[in-house]
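Peer 1: Any chance you can model this:
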Amino acid sequence: MGTRIAFWGNIANAHFPIVAALRSNGVDAHLFIGDRDPASWRPETDDASLRDRYPEWIHEGPWFRPVHSIAPWRSPAIDKLNDFDLIVASGTAMAIAQFATPPVAFFTTGGDLTVRPFPIAFRHRRGAPHHQIAHGLLGLWQRRAIRRSDQIWTQPFRPFLDALERLDIEPSRIASIYFPLIVDTDLFCPNPTDTPAWASALVPDADFVVFHPSRLVLDESPLMLRSGQTKGSGQLLDGFAAFVKSGVAKHPVLLLPDNPASPGREEARQRIRDLGIEDSVCWASPPRSEGFSRTEMVHLYDRADITVNEFGAGWFGWVAVESMSCGVPVISRIDHAGISKLYGADNPWIHAHDAVDLATRLTEFVTDRHRLDQLGVESREWIHRHHAVETAGRRAVDSVLAATGQPAAVESPKAA
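Peer 2: Numbering: from 1, shown residues only. Below you'll find the predicted structure:
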């Protein structure tokens with residue numbers, strides 16, 4: 001009988017496609033989601049057929065409540081997790097999973113490693129004193145859980161490695177397991193059909209559209225840089241302003257999702273006013289308060305000539321690979337050492353270190369549209385090689401099987 005694996009902490013729905021890939025290869029993997037998880041963390045974000053009813057391998061429940069910040073062992077998830085052979089936990093799930101019986105692998109996703117275990121350093125982000133106390137306690141449980149985990153599954157991203165060193169984690173417990181984000185290349189494709197009216201109405205007169213889908217974070221303090229939390233959005237705005245003032249494009253537009261969750265949204269608005277580029281910025285309002293769904297994001301990528309990801313610590317997330325899958329090239333600050341460890345020389349990323357680099361790159365592509373189109377084709381081909389359901393799913397399966405010591409499946413894949 002094979003190993004039963006519970007995945008918990010479905011941040012940005014990253015666990016769901018991994019679990020689906022494992023199940024399609026005969027691995028008994030299950031997904032745990034909280035009944036208060038945001039819409040973007042739920043399986044139906046990727047598979048609309050799950051909207052009304054989850055299959056038996058998706059477990060939804062009240063797994064985390066505020067009281068569990070104080071007493072995580074009281075979570076009802078623990079009894080269910082004890083029925084599995086391995087727990088793969090991300091986010092705050094780690095704080096609770098440490099009290100279950102099975103071994104725990106910590107699947108790092110970002111702030112769960114670089115922010116949560118350091119509550120004192122980030123106390124200024126927690127608002128009222130009672131929030132600071134709750135997050136402080138949860139941070140201490142998170143730190144304890146990471147130090148007691150059986151394995152840590154992470155990537156060669158500088159802030160991750162720095163945090164592990166500060167937590168004094170033995171290198172032998174850090175597994176070189178990489179789960180590429182799995183992109184639906186049928187959904188995220190060039191020239192999508194059935195463009196909604198709200199998307200058609202965006203930037204109608206623009207001759208060059210720069211899309212910045214990432215959260216707006218302008219804080220580039222040493223703490224934010226070290227933890228990988230800054231997006232360097234100020235560099236984006238400064239670089240775009242220089243590009244606009246160069247006059248190379250007649251009517252360039254910066255397309256920004258008007259996301260209330262972006263912590264630097266109001267600061268960015270003021271920066272835009274100070275730079276005098278209000279007429280060159282389009283704020284796209286989502287149809288719902290929780291923001292754009294993935295099916296709606298496709299139409300935002302479709303409006304863009306190029307996507308600018310971020311100027312933070314050099315990593316990337318969903319928006320970068322989604323854009324590339326749509327055939328829209330991505331400019332970003334790149335951690336070349338980390339990217340090379342995962343992909344070798346095979347990557348079509350356009351590197352820009354700062355605002356000056358960004359303005360230069362944008363100017364180059366306005367004057368060489370053929371090169372821009374070629375990079376769009378290369379970007380989508382790269383996604384097919386590394387992040388499509390077939391290729392990234394296979395890599396995820398191989399990684400999990402290797403980590404658990406299970407033999408590779410030899411029979412035909414089963415339906416998820």
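Peer 1: mind listing the helices in the stretch 201-350 of the chain by residue range?
Peer 2: 222-227, 233-246, 265-275, 294-302, 318-325, 336-343 (DSSP state H, counting those that start in this stretch).
Peer 1: right, and these - which one's nearest Pro171?
Peer 2: Closest of the helices of the stretch 201-350 of the chain to Pro171 is helix 336-343, at 15.1 Å (criterion: Cβ to Cβ). To be clear about C-beta, it is placed using only N, CA and C from the backbone, and glycine gets the same treatment.
Peer 1: buried sites along that closest one?
Peer 2: Within helix 336-343, the residues that count as buried by 16 or more other Cβ atoms under 10 Å are 338-339.
Peer 1: continuing past it, what's the next helix or strand?
Peer 2: Counting by DSSP states H and E, the element after helix 336-343 in chain order, helix or strand, is strand 350-351.
Peer 1: Give the pairing partners of that following strand; include direction for each.
Peer 2: strand 330-332 (parallel) (DSSP bridges).
Peer 1: quick check, distance from the partner strand to the centre of its chain.
Peer 2: The chain centre lies 15 Å from the centre of strand 330-332; the measure is Cα atoms, centre = their mean, to the nearest Å.
Peer 1: Average pLDDT for that strand, rounded please.
Peer 2: For strand 330-332, mean pLDDT rounds to 95.
Peer 1: Quick one: residues in contact with stretch 84-92.
Peer 2: Residues outside stretch 84-92 that contact it (Cβ atoms under 8 Å, 6 or more residues apart in numbering): 3-11, 14-15, 30, 64, 81, 97, 100, 102-109, 112, 116, 138, 142, 145, 153, 404.
Peer 1: what about 7 Å?
Peer 2: Residues outside stretch 84-92 that contact it (Cβ atoms under 7 Å, 6 or more residues apart in numbering) are 3-9, 11, 15, 64, 81, 97, 100, 102-107, 109, 112, 138, 404.
Peer 1: can the helices of the stretch 201-350 of the chain go into TSV with extra columns for distance to Asp46?
Peer 2: Shown next, in TSV, are those (distance: least, Cβ to Cβ, whole Å):
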stretch	distance to Asp46
helix 222-227	28
helix 233-246	27
helix 265-275	27
helix 294-302	7
helix 318-325	11
helix 336-343	23
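Peer 1: how about the ones you listed, which one is nearest Gly393?
Peer 2: helix 318-325 (13.9 Å).
Peer 1: Tell me what angle that closest one forms with helix 294-302.
Peer 2: When axes from the mean of the first three to the mean of the last three Cα atoms, to 10 degrees is applied, the directions of helix 318-325 and helix 294-302 differ by 60 degrees.
Peer 1: got the contact list for helix 318-325?
Peer 2: With contact meaning Cβ under 7 Å, 6+ apart, helix 318-325 is reached by 12, 181, 183, 185, 188-189, 213-214, 297, 301, 307, 309, 330, 332, 379-380, 382-383, 387.
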